[in-house]
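J.: Let me see the structure of the following:
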Amino acid sequence: MTVEIREISSLIKQEITRFRSEIDVARVGKVLEVGDGIARVYGLDSAMSGEMLEFEGGIIGEVFNLEEDSVGAVIYGDYQKIREGSQVRSTGKVLSVPSGPELIGRVLDALCRPIDGGSPVSCTATRLVEFPAPGIADREPVKVPLATGLKSIDSMTPIGRGQRELIIGDRKTGKTAIALDTIINQKGKGVICVYVAIGQKESTVAEVVRTLRDHGAMEHTIVMSASASESAAMQFIAPYAGTAAAEYFMYEKGMDTLCVYDDLSKHAIAYRELSLLLRRPPGREAFPGDIFYLHSRLLERSSKLSKDKGGGSLTALPIVETLEGQVSAYIPTNIISITDGQIYLQRDLFLAGVRPAVDVGISVSRVGGDAQTKAMKKVAPKLRIDLAAFRELQAFARLGTELDESAQAQLDLGYRMVEILKQRQFSPLSVGEQVLSILAGSSGRLDEIPVPSVTQFIHEMLEWFKLEAPEYIERINKEGQLPDDFREEIVAAIDAFAVMHKFSAGR
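T.: Predicted structure coming up:
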């Protein structure tokens, strides 16, 4: 009995020595009023701007306004579950989201929580939603191409890995289609893609996911959605969370990534709504004064990192919707000045059947030929200038004016080049196929082909090359070069196909 008492007393002493008193100190405030995704909180005197808050029920919020008597906070989640008088805890942390390879192939909300009906995401890593852009010393020049698979873009306004290229145009002109083609074309190229849908209909997002799945692109893609039915707060935070998901692969894995923001017009409107609800003073078009900073701090995170930092890259394709082609409106001009070029899609061209409806007159890539293969540079050195001149000549010819022979020849060549650059949706081409298509036109091999038959001719020619002479396409894809002797071989092969094409057509 005495031995048992001794053993028990020794155990009690051990437990006493191990005991450490831990006090959970948390700053707690109270909700004064809540509505429309905004809450005014009293009692968080030492809260930081941008600090993450935790409302009752596990709902996340963020400090936005620091006022004299209260704190203005945005709520990321179902704000209707929060009531006046409910408690709010300040976490002392900045807002972060889970990130990692577990997110690939999933459809997520603006806080990286799955909404596709699949299993929960269990990521070990997290990244800050707001993260500083890399400095000048941490960057490298943009030189490696990020091929979209679209002839009209890769030949005239090429995009490089680490670039920010704006896709701009009116509603229903094929802006999202260009972004999806680019994502589909990254299959097997080691590029992780993030598609962020801001203010879209849920049915539209479901259609995007279905398209990516049908083309096998969800294997390298993360889809994030803050639909039109969600609060302005969720639409506001979505592109930053999407960028954080992409930055994991750029910084931690040294990989190339692509972010599509569809679209930043709705993002700006969501931020305007938040700002006005928080009683921030409105400025031009009722947007707050920091609307430029809103998008600059997002897009400046896109870059090509130096080798010392891992050599990864983040390419941004922001989408902006214009009204009646007003490129000079407030939000479009803001984003144009932040990005490294823009692809402008014109409604008239789209309705005329020119798809992608790229207006070469004001579309530009400020990285230019640095992000282009030598083969493409060789076959399309003046294509953009020639097409812009063709558009002007075409407008002049509509007046019924008689044209001299050289002008008529330029007009005929322009019509054929427009047909060459037409491309079916979700059918991206390899660089080799694009080079062959443009070479067929620039070398004069289509001069005898009627304009309405050019598209069919190009399609059949590429199919013939894939079956009979795939080594030409493979060599261009592998080397990215087009020496003169190799070019002559290709032209001879195109001539041989043209002879057969005429024969089969005649027969």
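J.: okay, now the closest residue to L298 other than its chain neighbours: neighbour count?
T.: Counting by CB to CB, 6 or more residues apart in numbering, P239 is the residue found nearest to L298 once chain neighbours are left out, at 5.7 Å. The C-beta positions use only the backbone N, C-alpha and C, and glycine is treated the same way. P239: 29 surrounding residues under other CB atoms under 10 Å.
J.: check which helix or strand covers P239.
T.: Applying DSSP states H and E as the criterion places P239 in helix 232-247.
J.: Can you give me the buried ones in the very next helix or strand once past that helix?
T.: Going down the chain from helix 232-247, the next helix or strand is strand 256-262, by DSSP H and E. Using 16 or more other CB atoms under 10 Å as the test for burial, strand 256-262 gives 256-262.
J.: likewise stretch 395-405?
T.: Under 16+ other CB under 10 Å, stretch 395-405 has no buried positions.
J.: what does it contact?
T.: 393, 411 (CB atoms under 8 Å, 6 or more residues apart in numbering).
J.: measure that stretch end to end?
T.: Stretch 395-405 has an end-to-end distance of 17 Å (criterion: CA to CA, to the nearest Å).
J.: Helix or strand with the lowest mean pLDDT in the chain?
T.: When the helices and strands of the chain are scored by mean pLDDT, DSSP states H and E, helix 2-18 comes last with a mean of 71.
J.: Can you tell me how far the nearest residue to V107 once chain neighbours are set aside is from M461?
T.: Using CB to CB, 6+ apart and skipping residues adjacent in sequence, the residue nearest V107 is D116, 3.9 Å away. D116 sits at a distance of 41 Å from M461 (criterion: CB to CB, to the nearest Å).
J.: of the two, who's got more company?
T.: Neighbours were counted for D116 and for M461 using other CB under 10 Å; M461 has more, 21 against 14.
J.: Now do the domain split for the protein, please.
T.: Under the assignment automatic domain parsing, the domains of the chain span 27-94, 98-372, 379-506.
J.: Including distance to I16, could these go into a markdown table?
T.: Formatted as a markdown table, the domains of the chain follow (distance: least, CB to CB, whole Å):
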| stretch | distance to I16 |
| --- | --- |
| domain 27-94 | 31 |
| domain 98-372 | 36 |
| domain 379-506 | 70 |
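J.: quick one, which of the ones you listed is packed in tightest?
T.: domain 98-372 (a mean of 20; mean count of other CB atoms under 10 Å).
J.: Would you mind measuring the gap between the ends of that domain?
T.: This stretch, domain 98-372, spans 35 Å end to end (CA to CA).
J.: what mean pLDDT would you report for it?
T.: Domain 98-372 shows a mean pLDDT of 95.
J.: Going forward, count from 241.
T.: Right, with 241 as the first residue, what we last looked at is domain 338-612.
J.: Double-check P528 against A508; I have them as touching.
T.: No - P528 lies out of contact with A508 (CB atoms under 8 Å); the separation is 9.9 Å.
J.: shaky segments in the stretch 591-740 of the chain?
T.: Under the criterion pLDDT under 70, the flagged ranges of the stretch 591-740 of the chain are 640-641.
J.: how about the helices in it?
T.: Assigned by DSSP state H, counting those that start in this stretch, the stretch 591-740 of the chain shows helices spanning 614-619, 623-637, 645-661, 671-682, 694-708, 710-719, 724-746.
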